[in-house]
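Asks: need a 3D model of the following:
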Amino acid sequence: MTPQPSDTPDAPHPSSGARVLAVANQKGGVGKTTTVASLGAALAQRGRHVLLVDLDPQASLTFSLGIDPEELDVSVREVLLGEKEASDAIVVTDEAVHLLPSTIELAEAEETLATRTGREQRLRVALEPVAGDYDWIIIDCPPSLGVLTAAALTAASDLLIPLQCETLAHRGVGQLLDTVHDVRTFTNPTLRILGVLPTAYDGRTKHARAVLEAITSSYGLAVVEPAIPRTVRFAEAPAYGQSILRTAASHRGAQAYRDVADTLLAS
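Replies: Below you'll find the model as predicted:
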């Protein structure tokens, strides 16, 4: 699929601004990208106007939605550096969600941003002109706690933490919450943590249940339900450039994300 930038998203929503959800966890392989793609598709199926933001230099979300990062002339890199407007970079995917895509050049841009004034505010400022066109903006954060994640948390109204229930997850959540504390102190005092979303979850194992209980009790975090089950269907979907809601629409993993989307809409 060769993307065509949209001058303005079609059929703008008349609301004054979107609800901005950052999906973050500095530990890799916990299902951040799958969660962003699947929730975006689920919310679109519920009739919401959705913009996904790929803030990871690995560009996994971009690839997963059928966009070849190497074919892009404009991406989130140019937007963050102030060279282009967000509307110049937004593309429309096959699942009716819009995407602000990423490329590997974002890694170099992150180093540049580290020396720029207002680096944490750049994503928020860049999204403001298009926020009124969407009901939801969902940001796929990189597996780190650097400038890009801080920018995402500064731009967001809400934070969702995907979590695989294993021993190392406990340490990672604590580090992320330290970053959230700093963001609330200096750049975004109204940031709300929705909770942790268990991914690749097998409730039959005592270890998974114990880790989830330890994290929620230690940090006072809510559990966003239902938990997302472990299935190979999530790994297969990116090869088709679509989410599991298109590649395996009736699978319990797809239904779980629809149910999580309904939970978010009710929150």
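Asks: wait, is Ile137 part of a helix?
Replies: No. With DSSP: H, G, I helix; E, B strand; the rest coil as the criterion, Ile137 is strand rather than part of a helix.
Asks: count of residues packed around it?
Replies: For Ile137, the count of nearby residues is 27 (other C-beta atoms under 10 Å). In short, each C-beta sits where N, CA and C put it, glycine included.
Asks: surely it meets Gly17?
Replies: No. Ile137 is not in contact with Gly17 according to C-beta atoms under 8 Å; the separation is 9.2 Å.
Asks: please enumerate the shared neighbours of the two.
Replies: Taking C-beta atoms under 8 Å, 6 or more residues apart in numbering as the criterion, Ile137 and Gly17 both touch Ala131.
Asks: pLDDT weak spots in the stretch 101-250 of the chain?
Replies: 167-168, 203 (pLDDT under 70).
Asks: let's see that with 80 instead.
Replies: For the stretch 101-250 of the chain, the stretches flagged by pLDDT under 80 are 165-172, 201-205, 207-208.
Asks: quick one, longest helix in this protein?
Replies: helix 167-186 (DSSP state H).
Asks: tilt between the helix or strand just after that helix and helix 167-186?
Replies: Under the assignment DSSP states H and E, the closest C-terminal helix or strand after helix 167-186 is strand 192-199. Interaxial angle, strand 192-199 versus helix 167-186 (axes from the mean of the first three to the mean of the last three C-alpha atoms, to 10 degrees): 160 degrees.
Asks: now do the helix or strand following strand 192-199: everything it contacts.
Replies: Downstream of strand 192-199, the next assigned helix or strand under DSSP H and E is helix 206-219. If you take C-beta under 8 Å, 6+ apart as the criterion, helix 206-219 is touched by 163, 165-167, 169-170, 173-174, 177, 196, 198, 201-203, 221-223.
Asks: thinking Ser267 is in contact with Ile193, fair?
Replies: No. Using C-beta under 8 Å, Ser267 makes no contact with Ile193, being 11.6 Å away.
Asks: the more surrounded of the two?
Replies: Legend: neighbour count by other C-beta under 10 Å for Ser267 and Ile193, higher for Ile193 (18 against 12).
Asks: from Ser144, how far out is the nearest residue to that one once chain neighbours are set aside?
Replies: Among residues not flanking Ile193 along the chain, Leu159 sits closest, at 4.9 Å (C-beta to C-beta, 6 or more residues apart in numbering). Distance, Leu159 to Ser144, by C-beta to C-beta, to the nearest Å: 16 Å.
Asks: the two: which is more packed in?
Replies: Leu159 (25 against 15).
Asks: tell me the phi and psi of the more buried one?
Replies: Torsion angles at Leu159 (phi, psi; degrees, to the nearest 10) stand at phi -130, psi 130.
Asks: which residues touch it?
Replies: Leu21, Ala22, Val23, Ala24, Leu153, Val180, Leu191, Arg192, Ile193, Leu194.
Asks: tell me which of those residues is nearest to Thr112?
Replies: Leu153 (19.8 Å; C-beta to C-beta).
Asks: can you tell me the element the closest one falls in?
Replies: helix 147-155.
Asks: next: Gly82.
Replies: With DSSP H and E as the criterion, Gly82 is inside neither a helix nor a strand.
Asks: residues near the nearest residue to it once chain neighbours are set aside, how many?
Replies: The shortest distance from Gly82 to any non-neighbouring residue, by C-beta to C-beta, 6+ apart, is to Arg122 (7.5 Å). Other residues near Arg122 come to 21 when the count uses other C-beta under 10 Å.
Asks: now swap in the one 3 residues further on and tell me
Replies: Residues near Val125, counting by other C-beta under 10 Å, number 16.
Asks: what segments of this protein are helices?
Replies: Assigned by DSSP H, the helices in the chain fall at 32-45, 60-64, 76-80, 86-89, 106-113, 122-131, 147-155, 167-186, 206-219, 233-236, 244-247, 252-266.
Asks: just name the most buried of those helices.
Replies: Among these, helix 32-45 has the highest mean neighbour count (mean count of other C-beta atoms under 10 Å), at a mean of 27.
Asks: extract the CA atoms of the longest helix of the chain and return them as CSV.
Replies: Listed next in CSV are the C-alpha coordinates belonging to helix 167-186 (Å, rounded to 0.1, in the frame of the first residue of the first chain):
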residue,chain,number,x,y,z
THR,A,167,8.6,-10.7,37.2
LEU,A,168,10.5,-7.9,35.4
ALA,A,169,7.2,-6.0,34.8
HIS,A,170,7.2,-4.9,38.4
ARG,A,171,10.4,-3.0,38.1
GLY,A,172,9.3,-1.4,34.8
VAL,A,173,6.1,-0.1,36.1
GLY,A,174,7.8,1.6,39.0
GLN,A,175,10.2,3.4,36.6
LEU,A,176,7.4,4.5,34.4
LEU,A,177,5.5,5.9,37.3
ASP,A,178,8.5,7.9,38.3
THR,A,179,8.4,9.5,34.8
VAL,A,180,4.7,10.1,35.2
HIS,A,181,5.3,11.9,38.4
ASP,A,182,7.9,14.2,36.8
VAL,A,183,5.5,14.9,33.9
ARG,A,184,2.7,15.8,36.2
THR,A,185,5.0,18.1,38.2
PHE,A,186,6.5,20.0,35.2
